[in-house]
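Model the following, please.
(2 chains)
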Protein chains: 2
Amino acid sequence: MTASPFTLHNRSSECMARRGEVKTLHGVIQTPIFMPVGTQATVKGVTPANLDELGAQIILANTYHLYIRPGHELIRELGGLHKFMHWDKPILTDSGGFQIFSLRDLAKITEEGAGFRSHHDGSNLFLSPEDAVAVQEALGSDIMMCLDTCIPHPATREETIKGTDLTHRWAKRSRAAQKQTGQLLFGIAQGGMFPDLRAQAIEQLVEVGFDGYAIGGLSVGEPNEKMYEITEQLTPLMPQDYPIYLMGVGTPADLVEGVYRGVDMFDCVMPTRNARNGMLFTSSGRVVIKNAKYTKDPRPVDENCDCYTCRNFSRAYLRHLYMTKEILSSQLNTIHNLHYYVGLMTKMRTAIEEDRFVAFRKEFYEQRHQE
Amino acid sequence: MTASPFTLHNRSSECMARRGEVKTLHGVIQTPIFMPVGTQATVKGVTPANLDELGAQIILANTYHLYIRPGHELIRELGGLHKFMHWDKPILTDSGGFQIFSLRDLAKITEEGAGFRSHHDGSNLFLSPEDAVAVQEALGSDIMMCLDTCIPHPATREETIKGTDLTHRWAKRSRAAQKQTGQLLFGIAQGGMFPDLRAQAIEQLVEVGFDGYAIGGLSVGEPNEKMYEITEQLTPLMPQDYPIYLMGVGTPADLVEGVYRGVDMFDCVMPTRNARNGMLFTSSGRVVIKNAKYTKDPRPVDENCDCYTCRNFSRAYLRHLYMTKEILSSQLNTIHNLHYYVGLMTKMRTAIEEDRFVAFRKEFYEQRHQE
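Below you'll find the predicted structure:
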């Protein structure tokens, strides 16, 4: 059992929100944190220089995608993922499990691992839990995730038990397969919508012992309130001296609710994907930039924002770029949305440090007209 | 007749190459110069900050496109094109003539002006030479171009005379319509592939008197040698105390040949468009980044280049981005290609200052393996 990479700084006196840090090979990240998603070794629409400027501390890359293209061995030969994509801060790689399960009929899960057909060229591929660790070791990410099975929503108790138990056996094999590279390995707790199965999954993971613990299989179509409820039940059961990661979440409100319930780490494609679709996040709600009311609007997207986009461009210009399908539309919108997400986490960290997180949460909702 | 905005610094002792500057409302540009093309008020794939960093001094925007979307009145209301797109250095706007003529069957040219149907929504629009000036005045560009007629290639002498004469009459009307805004107005000499008609077109433009003179209707499908030949015949006939602009040109070799023959200004979509198609310019020739030989190539695109792309990313990574159709592919390739074009012009300016342009031209061809 290795020492925990997590150091707790502060805990709210009124809720589960906590302020800490996670130590990795490429530096320390301040939590709670949001990780922009760079599926194919690039966060869509921004350069590493942009990410630096907007204050991103860590990004996520997808094992499944990089395994298929350009291949983990190629990335290893070229000096690892950090050098490949010119990002020298921490990187978390997911396990590929979620992507493989998204293939549905193209995936075949056995005790041994996941057989699947490449979304790229249809070739037959296979990934065992040991393979997933080896691939992530080749990539050289700072935080690796165990290969897990994703339980569909809705699922019967029977199905949920089956998937959760298999995830547990795979987690054990993942930990055993890990080489001593200094990379962290997080376990993923499944358990679907059943609190007792969730609790059991956590217990079993802790028995194995990981460097961090993730809640998987949420934000898969269940109502928001259900996600909050399950998170709230689980975080107190998770080892408090290790980082807690809520995977694939979420909206700004989801981040606030997650932090409120004790989550340290988040990732989601929402800020980047929505940016490309012309949906911008602001402190007062969402802006759909194609709306006609912005045609002549000289104001920045968010008057309270100091990102490159808001400092220099009007809503009218951003609308023009969106309507004319210009690349710069994706670039400027992505810079803004990521800046908003990163800034929201910074504000939450400060609020926890000053022990006013509950007041912060209240203000967060009051400021928003819509969403 | 206003004073010329052009100041000559040096002239080669061996050829027509010359080093000078053009004074505009938004500052002075050093010539010979290449202008990146920002058709819809954005240079595709780069931010204004990128353009600044790579040393662009002036960009081109398209009157036709901005007239259609978002409309020149909207841009005027929002403070002009510079403010709209956040670019405070000089902007040249073309007249829209070339785009309208590209519509072919959708355009109807009369003495009065150009009737055409919008490529965007099919609406019937009309632009007279006076309208084109008024639109460019609303945009607030530093250098405006007269509305001209483009002569198809190939064209008979008869057709060429007709188009050239109409362009001349429109040029007169353009100059007469111009308000005293301090914006420069350039005339465009047509004349197709007929040297005597070209010479006559220039003579007629000079009679009217413009702030600069452009050679239009080249790079329209004629052989390269023909373009060089016509340029070589024309530049000595053009007023030497005014800027000379070869429109829509070209490849790196075209720029070298243009400068050699006395051209001061160039614009072309080639560096930006080719970037998006994965074709990169280097000092030793062209790199088609999708080629399998770059799969594991750890070298930068151009080992002699210090652009953001070459400083930080390998050919292998750029190939990966291209193959996976990532936005960053267009971004990084565009930064590189524009940096190459801008750098090539800087080298040419220095070579003229040091009166070694002919030697520079020789070395330029020697360095290239391919292209």
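
From now on I want contacts and neighbour counts done on CA atoms only, so please keep to that.
Fine.

wait, what's in contact with the closest residue to chain B within the stretch 101-250 of chain A?
Closest to chain B within the stretch 101-250 of chain A is A:His120: 9.5 Å, counting by CA to the nearest CA. Residues in contact with A:His120 (CA atoms under 8 Å, 6 or more residues apart in numbering or on different chains) are A:Ile68.

And it, how close does it get to A:His65?
For A:His120, the distance to A:His65 equals 9 Å [CA to CA, to the nearest Å].

ok, now A:Cys146?
With the distance defined as CA to CA, A:Cys146 ends up 16 Å from A:His65.

Torsion angles phi and psi at the residue of the stretch 101-250 of chain A closest to chain B?
When read as degrees, to the nearest 10, the backbone of A:His120 gives phi -80, psi -60.

Could you do A:Ile244 as well?
When read as degrees, to the nearest 10, the backbone of A:Ile244 gives phi -120, psi 130.

who are the neighbours in contact with it?
Contacts of A:Ile244 by CA under 8 Å, 6+ apart are A:Gly212, A:Tyr213, A:Ala214, A:Ile215, A:Thr235, A:Met238, A:Gly262, A:Val263, A:Asp264, A:Met265.

A:Gly163 too?
A:Thr149, A:Cys150, A:Ile151, A:Gln190, A:Gly191.

Out of A:Cys146 and A:His65, name the residue with the larger neighbour count.
A:Cys146 (29 against 21; other CA atoms under 10 Å in any protein chain shown).

That one and A:Thr93 touch, don't they?
No: in this structure, A:Cys146 is not within contact of A:Thr93 by CA atoms under 8 Å, at 9.8 Å.

Point out where chain A drops to low pLDDT.
Applying pLDDT under 70 to chain A flags the ranges A:1-2, A:369-371.

Give me the buried positions along the helix ranked longest in it.
Taking DSSP state H as the criterion, chain A has its longest helix at helix A:327-353. Residues of helix A:327-353 classed as buried: A:327-346, A:348-349, A:351-353 (neighbour count, 16 or more other CA atoms under 10 Å in any protein chain shown).

So which of the residues you listed reach chain B?
A:Ile327, A:Leu328 (CA under 8 Å from any CA of the partner chain).

Enumerate every residue touching the residue nearest the centre of chain A.
For chain A, A:Asp267 is the residue whose C-alpha lies nearest the centre (CA atoms, centre = their mean; 1.6 Å). Contacts for A:Asp267 were tallied using CA under 8 Å, 6+ apart; they are A:Phe34, A:Met35, A:Pro36, A:Val37, A:Leu60, A:Leu246, A:Met247, A:Gly248, A:Val249, A:Gly250.

which residue lies farthest from the center of chain A?
Chain A, CA atoms, centre = their mean, max distance from centroid: A:Lys296 (36.0 Å).

backbone phi and psi for that one, please?
Backbone torsions for A:Lys296, taken as degrees, to the nearest 10, come to phi -120, psi 20.

Please name the residues that touch it.
A:Arg315, A:Ala316, B:Leu74, B:Leu78.

Same check on A:Gly113?
With CA under 8 Å, 6+ apart, A:Gly113 has these contacts: A:Phe126, A:Leu127, A:Ser128, A:Pro129.

one more time with 6 Å
By CA atoms under 6 Å, 6 or more residues apart in numbering or on different chains, the residues touching A:Gly113 are A:Leu127, A:Ser128.

Wasn't A:His168 part of a strand?
No: looking at A:His168 with DSSP: H, G, I helix; E, B strand; the rest coil, it is helix, so not inside a strand.

Can you give me the neighbour number for it?
25.

Look through the stretch 201-350 of chain A and state the residue closest to chain B.
Closest contact between the stretch 201-350 of chain A and chain B, by CA to the nearest CA, is at A:Ile327 (5.6 Å).
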